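1. Below: sequence and its predicted model.
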Protein chains: 4
Amino acid sequence: MKVAIVGVTGYSGTVLWQLLSQHPNVTEINIYTTQADLEAVAQQFDWQTKQTVRVLPFDAGQIMADNDVAFFATPAGVTGELAETFMANHFPIIDLSGDLRLQDPKAYQKWYHRAAEVSRETLSYATYGLTEFTATTTDYIANPGCYATATLMGLAPLVQERLIDLDSVIVDAKSGVTGAGKKLSQATHYVDVDENFSLYKLNQHQHIPEIMQQLKQWAPDMGPIQFTTGLLPVKRGLMATIYAKVTADSADVNEIIAAAFQATYMDKPFVKILANDMPDLRLVVGSNMTAIGWSYNPVTHIVTIVSVIDNLMKGAAGQAVQNFNQYFGFDETAGLAQLPLMI
Amino acid sequence: MKVAIVGVTGYSGTVLWQLLSQHPNVTEINIYTTQADLEAVAQQFDWQTKQTVRVLPFDAGQIMADNDVAFFATPAGVTGELAETFMANHFPIIDLSGDLRLQDPKAYQKWYHRAAEVSRETLSYATYGLTEFTATTTDYIANPGCYATATLMGLAPLVQERLIDLDSVIVDAKSGVTGAGKKLSQATHYVDVDENFSLYKLNQHQHIPEIMQQLKQWAPDMGPIQFTTGLLPVKRGLMATIYAKVTADSADVNEIIAAAFQATYMDKPFVKILANDMPDLRLVVGSNMTAIGWSYNPVTHIVTIVSVIDNLMKGAAGQAVQNFNQYFGFDETAGLAQLPLMI
Amino acid sequence: MKVAIVGVTGYSGTVLWQLLSQHPNVTEINIYTTQADLEAVAQQFDWQTKQTVRVLPFDAGQIMADNDVAFFATPAGVTGELAETFMANHFPIIDLSGDLRLQDPKAYQKWYHRAAEVSRETLSYATYGLTEFTATTTDYIANPGCYATATLMGLAPLVQERLIDLDSVIVDAKSGVTGAGKKLSQATHYVDVDENFSLYKLNQHQHIPEIMQQLKQWAPDMGPIQFTTGLLPVKRGLMATIYAKVTADSADVNEIIAAAFQATYMDKPFVKILANDMPDLRLVVGSNMTAIGWSYNPVTHIVTIVSVIDNLMKGAAGQAVQNFNQYFGFDETAGLAQLPLMI
Amino acid sequence: MKVAIVGVTGYSGTVLWQLLSQHPNVTEINIYTTQADLEAVAQQFDWQTKQTVRVLPFDAGQIMADNDVAFFATPAGVTGELAETFMANHFPIIDLSGDLRLQDPKAYQKWYHRAAEVSRETLSYATYGLTEFTATTTDYIANPGCYATATLMGLAPLVQERLIDLDSVIVDAKSGVTGAGKKLSQATHYVDVDENFSLYKLNQHQHIPEIMQQLKQWAPDMGPIQFTTGLLPVKRGLMATIYAKVTADSADVNEIIAAAFQATYMDKPFVKILANDMPDLRLVVGSNMTAIGWSYNPVTHIVTIVSVIDNLMKGAAGQAVQNFNQYFGFDETAGLAQLPLMI
């Protein structure tokens, strides 16, 4: 299997290259860039490997001729512009950007603060690749956002089985700094982040609409969610702490919730449900795992669900490889054996 | 003014000593300990000061004879046992522990997992010293807990003026590691905290009952709150992110909330209300300030209030000095001029 | 290949288990402990894997009967006591402790502050497994210490080719906190390490004698070294900054040094020599790589060599697996493909 | 005393403002900037104080008319250009930049990589304000660099009394990230610094020439020093670990060194000599203290001196205030009472 990666200078692209370079079904990786200085892009691999990495200029035709699939780890706007070329040729794309996640171009415009380049029809051909819930797939896989992945994984059983009040969901999510990307900004200067914790994009984060879109597919009468995003002084790791009012009013609430999580995730290799504990970031960072814990408070009737992922793995490159495995029928865990670092 | 400090080996006691050693109205600090090795206790000051610090054995009579006031920065249980001796003599105590914060001994027993040593009558003589809201004070001041201080400061105007649904409050609070104390534990080992974020004591934290007690004084029909506590990989700083349903359904919600915060805190030297921004830890760490921001979401009708403090300053030693200033009629800011570190 | 791991509760043992659990030539891992509560030891694996891990009571005979090799990741003193049983049976041992690294029992006693349990004769059967320099091996492989590995890798070409004054070596080394182990101590409390940098065991570190022993094998007239060890506020990673007076006084000093490093490490898969740059921890953490940079100062005639490793990988578990690969003739990189994390 | 601060947007300027705003002898602070948007500069104070801060456009005449002294916390090049205007008027300047530290314009050009604007004659009027060693002062005080301060404080007694081989000095210094300034760069991005340690400007740091200049005043035959600078993943704090060959060959080396440090620093309020211990960053961060420890190795005859400061306090703003106190004859500790944070 020959794979193309377009965009390797960001964090997701780098991790994607690392994963694919050790994937048992990948025989060749071709790296493409729209940057003029190919040499400079190649140099960033110098310190990771003793082998020389070749970087090629971006060329859609050449990509399709020389590869079996292309991963895009590019900023917002790039794949939106290019999508139709590849789709017209039924060439499989796994897109780590948000360009084709939303089926409604107006929502894209509103949340991404930029013009939508893709028609509603084209958007309808894309698969939202939340791997644990993908039934059938198309040639264009929109890899979910990191906040969306953690939140949806934590809410799925409760929303699907309507165990919670669909108008009561509050998400207090926090991410490590790699989630903010490699671009320089005051907000990611070491001195601003270290020994600090700050909130940003309160109820404004661009992952909110893809969460709502997916929740509404599971429960069309799903109400709006409250969504807080915070910046933790760590590199990697994302926790979504989710609060919701439980509707069931029986003594068995705990058993009902436990059963729902078990039924949904029992045979999923990358999901771990904690029985009596809350996961911390360490439990997953470095791996493709999602770890989920929960606690029901009988006084307030609120269940607190805690869902953690490594934002660069399950939240980006890892899930992209999982989508790759699913699309081509490889073992779901191929190339993703890496255990959490923990220490 | 001669002051006694009992308990100086913990973080709060150390910071308290630092603050009092620079307080303009303090002429003498006497340090008392129940530990046998006075020398060992004295040595911990070696690296802070070029002066020698004298440590004395604990003796209630001697403390009252040689001082005008005593601060207790001791673990749970100590002041409970000693309170009545000092109270019987009307000797002023500022107690940083939780022993006399709760008026109900049964609540103490439930939340502190230890027998209550103090009678309901004795408890009723203590003042809960949330300084911005203390009307009259007694000789025994129970300095509030760190989570309680941040949460109550953020909720006060909205609960007092009933701008929110009193059954809808969810608090997602996070603290730095000094909040967990100096005692060695796996949970505070560097390797367990660094690059991590974890939750603990979900709905079990011992500051919950003092929050409820105070809220019910402001609004007797206050409902139970949902309370999450998390451990941030930072030393100092505490953020309470508070969610509540707004009851007012007018276009002026933003103005109403802003007016409530302004009215409550306008003339308070240690409170800063942010107009259009959310405070981060950096805004307060190192200082005695509470910084509060808020954001109303018209879609969900939820207001998010963010209240930050330095858990060792406003959350412990700083507020203790503020209580000291109030009790003796000194300038409220005396000894507390220290600005936030920021960098 | 069936492998035994004795001692899995420390950091090295945990990482060793992670590496071996993904090693292509390992079919079975048996975990042994001397702790009474087998269940408690097994539970620490719960959060790393969805599979159940079986922990067995320590039994030398059983280990030899059921395995092809045993790794010991135990504290100082354990393998010293047990070594002869396994050696008498020519059963291969890879020992991550320092018990059999020193050929002189008196040196062990002096630097480890404990009685030497092993005779000089037994010690002479052990191989000091600095993998890049192992010519022939024995059944007992003493895996080198982390500081020793980084320092020796950085000094080897210059000492072997006598390019430096053998009496001029100063090593300023720094390590992450995992190097100090999992045991609770004030020195590893989060609040003591965070935002701090401290020195410890100045010229007293127990890795000094194994460094001297190896250097003297390369150059019998090697003089004593100055050795500083510091504690960095990071989890993993170790840098040895080495200063030495260059003896050559020609204009070609740079070329001579470069040639020496190239000749020694050219074909070594886990060593990367930087041409014009100094490595940082990030370049290696998470991987088994050693990265080495150097800079010659013509004004002082001092060369600064910078050698970095991940103390838990090349400095412990990674090199143990490398020794395992070498001993059994597997591909040297088997089970060690993991690239540096970098981000 | 009315004081002007020119340049307040960097870290040193901010801390300087904080210190002066609490200085007992300062009645008025006027802030000047060359930036067009005065409002934007003023806003950075919003979050530190509840009072409004007024920012004025830079005007040399106005500064001299309205103030008694001016502090410059500006980038390299600014004071070089302006120095003569103020000097001609004998208006006192305390300059935190490096522009007038070196008496040789060629050295400035070489190490600062920019043209020297100041004549050798003008340079000779400036005082190098290493406060513990200033005999007489002039109207123009060049506040020393952070690395220079820590290194010179550690070396002074040994060089002045020639207890060490003057050709043997190696300095391995490390600083927190505030030392690198507020400007955005890849090197100070959180993801590049966190969990990392890296070296930079090896033997190239611009503080080297001012160290050499001062050392040569103390010992004209002082030889070149080896100077390494590293970036610690902390905000504040700087440690210089200094190695030098001791010339004395007596059994009393320890006593001789101890006596030298005691004699030099006994009555200095901001220097603490540790008898049997090595200082860590925590011992000084937040305060204006220099803490110095040392250890003599009889095997190598090398003494290791460890000198730590807070790079923004004794290494910048704190020493600037100390220079201010000395120049105007205030108590040396005025405005600098702040104890180390420690926790």
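-> Cool, got the structure.
2. From residue A:180, how far out is the one residue in the stretch 101-250 of chain A that gets nearest to chain B?
-> Chain B sits closest to residue A:198 of the stretch 101-250 of chain A, with a gap of 3.5 Å, by C-beta to the nearest C-beta. Any C-beta I mention is one placed from the backbone N, CA and C, and that applies to glycine too. According to C-beta to C-beta, to the nearest Å, residue A:198 and residue A:180 sit 11 Å apart.
3. okay, and the common contacts of these two?
-> Here residue A:198 and residue A:180 have A:187, A:231 as joint contacts, going by C-beta atoms under 8 Å, 6 or more residues apart in numbering or on different chains.
4. rewinding a little: enumerate every residue touching the residue of the stretch 101-250 of chain A closest to chain B.
-> A:187, A:230, A:231, B:278, B:280, B:281, B:282.
5. Quick check: phi and psi on the third one?
-> Translated: residue A:231. Backbone torsions for residue A:231, taken as degrees, to the nearest 10, come to phi -110, psi 110.
6. partners of it in the sheet?
-> Applying DSSP bridges to residue A:231 yields these beta-bridge partners: residue A:175, residue A:198.
7. before we move on, the earlier item: tell me the pLDDT of the residue of the stretch 101-250 of chain A closest to chain B.
-> Residue A:198 is assigned 97 on the pLDDT scale.
8. Now do it against residue A:187, distance only.
-> From residue A:198 to residue A:187 the distance is 8 Å (C-beta to C-beta).
9. between the two, what contacts are shared?
-> residue A:231.
10. Quick check: residues of the stretch 1-150 of chain A near chain D?
-> By the rule C-beta under 8 Å from any C-beta of the partner chain, the part of the stretch 1-150 of chain A lying against chain D is residue A:11.
11. And the helices in the stretch 101-250 of chain A, which stretches?
-> A:105-112, A:120-125, A:146-160, A:190-193, A:208-218 (DSSP state H, counting those that start in this stretch).
12. now those helices in a markdown table, with distance to chain C?
-> Output for the helices of the stretch 101-250 of chain A, formatted as a markdown table (distance: least, C-beta to the nearest C-beta, whole Å):
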| stretch | distance to chain C |
| --- | --- |
| helix A:105-112 | 24 |
| helix A:120-125 | 31 |
| helix A:146-160 | 14 |
| helix A:190-193 | 12 |
| helix A:208-218 | 24 |
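13. Tell me which of those sits nearest to residue A:337.
-> Ranking the helices of the stretch 101-250 of chain A by proximity to residue A:337 (C-beta to C-beta) places helix A:146-160 first, at 19.8 Å.
14. The closest one and chain B in contact?
-> No. Using C-beta under 8 Å from any C-beta, helix A:146-160 stays clear of chain B, with a minimum separation of 12.7 Å.
15. ok so, going back, quick check: the residue of the stretch 101-250 of chain A closest to chain B vs chain D, distance?
-> 12 Å (C-beta to the nearest C-beta, to the nearest Å).
16. surely residue A:290 meets residue A:270?
-> Yes. If you go by C-beta atoms under 8 Å, residue A:290 and residue A:270 touch, sitting 6.2 Å apart.
17. residues touching residue A:152, list them.
-> Residue A:152 touches A:130, A:133, A:144, A:211, A:214, A:215, counting by C-beta under 8 Å, 6+ apart.
18. Neighbour-wise, which one of those residues leads?
-> Among the contacts of residue A:152, the one with the most neighbours (other C-beta atoms under 10 Å in any protein chain shown) is residue A:144, at 30 neighbours.
19. for the residue nearest to that one when sequence neighbours are not counted, phi and psi?
-> Spatially, and ignoring its direct neighbours in sequence, residue A:144 is nearest to residue A:130 (5.1 Å; C-beta to C-beta, 6 or more residues apart in numbering or on different chains). With angles defined as degrees, to the nearest 10, residue A:130 shows backbone torsions of phi -80, psi 100.
20. Would you pull up the residue in the stretch 51-200 of chain A closest to chain C?
-> For the stretch 51-200 of chain A, C-beta to the nearest C-beta, closest residue to chain C: residue A:178, 5.7 Å.
21. among the helices of the stretch 101-250 of chain A, which is nearest residue C:80?
-> Per C-beta to C-beta, nearest to residue C:80 of the helices of the stretch 101-250 of chain A: helix A:190-193, 44.3 Å.
22. Does anything pack onto the closest one? Which helices or strands?
-> Packing partners of helix A:190-193 (3 or more C-beta pairs under 8 Å, 6 or more residues apart in numbering or on different chains; DSSP states H and E): helix D:190-193.
23. Now do the helix it packs on, average pLDDT.
-> Helix D:190-193 shows a mean pLDDT of 97.
24. Next: stretch A:286-306.
-> pLDDT averaged over stretch A:286-306 gives 96.
25. Next, the buried residues of that stretch.
-> A:286-297, A:300-306 (16 or more other C-beta atoms under 10 Å in any protein chain shown).
26. near chain D, anything from that stretch?
-> No. Against chain D, stretch A:286-306 shows no contacts by C-beta under 8 Å from any C-beta, the least distance being 12.4 Å.
27. related to what we said a few turns ago, could you redo the contacts of residue A:152 as CSV and give each row pLDDT?
-> Putting these into CSV (pLDDT from 0 to 100) gives the following:
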residue, pLDDT
A:130, 98
A:133, 98
A:144, 98
A:211, 98
A:214, 98
A:215, 98
